[in-house]
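Visitor: Fold the following, please.
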Amino acid sequence: MDKNEIKLTKEDFERVSSNKELIALINSKGRNIDSILKRLKYEDELKKLQIELVKLQQWISTSKKRVVVIFEGRDAAGKGGNIRRFTEHLNPRSMNLVALTKPTEVERGQWYFRRYIKELSNPGEIVFFDRSWYNRAVVEPVMGFCTQEQYRKFMLQVPEFEHMLYEDGVKIIKFWFSISKEEQKARFDARLETPLKRWKFSPVDQKGQELWDTYTSYKEQMFSKTHTTYCPWIIVKANDKKTARLESMRYVLSQFEYPDKDKALTTLLPDPNIIMRYFRSAEQIDY
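Guide: Prediction:
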């Protein structure tokens, strides 16, 4: 048996009735439980923030607000995991998740934004985009899925497109989840080693490592040309998945004044070392 392994008997479990008592029991056996405590703290914070998200959604529904939250970032940056934690306790009747596949032949002949417009939030609804129209800003030009002329037109049009939505009362939050090249590779390797996650790995993922610098160049052009006062980019340092989840939730909650917000059981102010608006001199980890 590993000297750090914690051995608990059936009688031990019968004596405890809470996490607090379990921690005290493990401590009494002289074992280091830092990792367990970190996990329990994360779960506790997650629950408290999810309660606030439920309250926020109820307010959005009753006040007929329209909210769009965009999750962007390199492959394996944690977009899907974040969205799952955001949405798992929300009412599906006033919430939607959008993760579009590649455009059809008909859609390829239409104005680029059209397929996204029909997915935007209705009054009283919050919509989460797992990737968005910003596919054309980074992934498509890097992978050769669009022409340079299509890319140029998109970059000219997107600030105006978002300004029209802003003027029409749509609240857009744009997240970019930032991970290092080393962390991305580690996550790719973990996917390949786990049968239940292997489906997530694709040839496009592999290209993400090979074309890292090209992705970086297009990413920076995207920030430079589409970061605006009315629709800013919010950078999330995401090498630590759990911290990124909690802090992105705090950011969304901090953007609204909903009933009983002051009764939250945890802070709703995001850590500025993890969450920040894009600006040119900001230190990023995915260069």
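Visitor: Okay, now the unreliable bits of this protein?
Guide: The chain contains residues with pLDDT under 70 at 1-6, 30-32, 196, 198-201, 280-284, 287.
Visitor: any chance you could map the strands in the stretch 51-200 of the chain?
Guide: Here the stretch 51-200 of the chain has its strands, by DSSP state E, counting those that start in this stretch, at 66-73, 95-98, 125-130, 170-178.
Visitor: among those strands, which is nearest Thr9?
Guide: strand 170-178 (42.6 Å; Cβ to Cβ). C-betas here are computed from N, CA, C, even on glycine.
Visitor: other SSEs contacting that closest one?
Guide: strand 66-73, helix 79-87, helix 148-167, strand 233-237, helix 241-254 (3 or more Cβ pairs under 8 Å, 6 or more residues apart in numbering; DSSP states H and E).
Visitor: For those, could you give me JSON lines that also reports mean neighbour count and distance to Thr216?
Guide: JSON lines is the format used below for those (neighbours: other Cβ atoms under 10 Å; distance: least, Cβ to Cβ, whole Å):
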{"stretch": "strand 66-73", "mean neighbour count": "23", "distance to Thr216": "12"}
{"stretch": "helix 79-87", "mean neighbour count": "19", "distance to Thr216": "18"}
{"stretch": "helix 148-167", "mean neighbour count": "15", "distance to Thr216": "16"}
{"stretch": "strand 233-237", "mean neighbour count": "23", "distance to Thr216": "14"}
{"stretch": "helix 241-254", "mean neighbour count": "21", "distance to Thr216": "19"}
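Visitor: returning to that earlier point: a markdown table for the strands of the stretch 51-200 of the chain, including distance to Tyr218?
Guide: Listed next are those as a markdown table, based on distance: least, Cβ to Cβ, whole Å:
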| stretch | distance to Tyr218 |
| --- | --- |
| strand 66-73 | 12 |
| strand 95-98 | 22 |
| strand 125-130 | 19 |
| strand 170-178 | 12 |
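Visitor: between the ones you listed, which gets nearest to Lys118?
Guide: Among those, strand 95-98 sits nearest to Lys118 (Cβ to Cβ), with 9.8 Å.
Visitor: That closest one: how far from the chain's middle?
Guide: Between the centre of strand 95-98 and the centre of its chain there are 14 Å (Cα atoms, centre = their mean, to the nearest Å).
Visitor: hmm, back to that, out of the helices and strands packed on strand 170-178, which comes closest to Lys55?
Guide: Nearest of these to Lys55, taken as Cβ to Cβ: helix 241-254 at 8.9 Å.
Visitor: ok, residues contacting the closest one?
Guide: 42, 45-46, 49-50, 52-53, 56, 69, 78, 81-82, 85-86, 173, 175, 177, 234, 236-238, 261, 264, 267-271, 274-275 (Cβ atoms under 8 Å, 6 or more residues apart in numbering).
Visitor: Need the buried ones from these selected in ChimeraX.
Guide: Per 16 or more other Cβ atoms under 10 Å, the buried members of the contacts of helix 241-254 correspond to this ChimeraX selection:
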select :45,46,49,50,52,53,56,69,78,81,82,85,86,173,175,177,234,236,237,238,268,270,274,275
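Visitor: coming back round to it: with distance to Glu183 as added columns, please give the helices and strands packed on strand 170-178 in a markdown table.
Guide: Converted to a markdown table, the helices and strands packed on strand 170-178 look like this (distance: least, Cβ to Cβ, whole Å):
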| stretch | distance to Glu183 |
| --- | --- |
| strand 66-73 | 11 |
| helix 79-87 | 14 |
| helix 148-167 | 28 |
| strand 233-237 | 10 |
| helix 241-254 | 10 |
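Visitor: Of all the ones you listed, which one comes closest to Leu22?
Guide: Comparing the helices and strands packed on strand 170-178 under Cβ to Cβ, the one sitting nearest is helix 241-254, at 20.3 Å.
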